[in-house]
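Asks: build the 3D model from these lines:
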Amino acid sequence: MAKQIGILVDSFLKEIRKTDWKRQNMINREWPTVVGDKITAQTRISGIKQNILQVEVKSSVFLHDLNFKKNRILQKLQEKFPQERIRDIFFFTGR
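Replies: Numbering: from 1, shown residues only. Okay, here's the model as predicted:
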C-alpha cells in the first residue's frame, strides 16, 4: 500500500513539474513581446513558483530599474496570460 502511494505521489509530482515547465516555456516565448528587447537582453525567466514569476536579472542596477516597472510588466503578463494567474514577479540578480 505504501509503495502504491509513493508511486502515485511520484507520478503527481512529475506531472506538476511538466505543467510548470510548459507554463514557463509559454511565457518565455512571449517575454520579448511583453517587455521588449532591452529588458529581454538583461533577463532570464528562471521559473514559476506559487504563481510568482521568477526572473533573473544580469545586474543590480537593472534590477532596481525593473522594480519600478514591475507593476506595468505584471499587468501585461496578466492580460496576455489570464489563465496562468500570475500574481507577482520576483526579480533577482544572477550569480
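Asks: partner residues bridging residue 55?
Replies: Residue 55 has these beta-bridge partners by DSSP bridges: residue 45, residue 91.
Asks: that one against residue 93, yeah?
Replies: No: checked against C-beta atoms under 8 Å, the pair residue 55 and residue 93 is beyond contact range at 10.5 Å. (Each C-beta comes from the backbone N, C-alpha and C, glycine too.)
Asks: more neighbours: which of those two?
Replies: Ranked by neighbour count (other C-beta atoms under 10 Å), residue 55 and residue 93 place residue 55 first, with 23 against 12.
Asks: pLDDT score assigned to the more buried one?
Replies: We have a pLDDT of 96 for residue 55.
Asks: how about residue 37?
Replies: On the pLDDT scale, residue 37 gets 95.
Asks: against residue 23, how distant is it?
Replies: 23 Å (C-beta to C-beta, to the nearest Å).
Asks: what's the per-residue pLDDT of residue 79 here?
Replies: 95.
Asks: ok, residue 39 - contacts?
Replies: Residues near residue 39 by C-beta atoms under 8 Å, 6 or more residues apart in numbering: 66, 69, 73.
Asks: what values do phi and psi take at it?
Replies: Main-chain dihedrals, residue 39, degrees, to the nearest 10: phi -70, psi -40.
Asks: give me the distance between it and residue 89.
Replies: Distance from residue 39 to residue 89, counting by C-beta to C-beta: 12 Å.
Asks: what touches both of the two?
Replies: With C-beta under 8 Å, 6+ apart, residue 39 and residue 89 have common neighbours residue 73.
Asks: residue 92 - how many residues pack around it?
Replies: By other C-beta under 10 Å, 12 other residues sit near residue 92.
Asks: name the nearest residue to it, sequence neighbours excluded.
Replies: residue 56 (6.2 Å; C-beta to C-beta, 6 or more residues apart in numbering).
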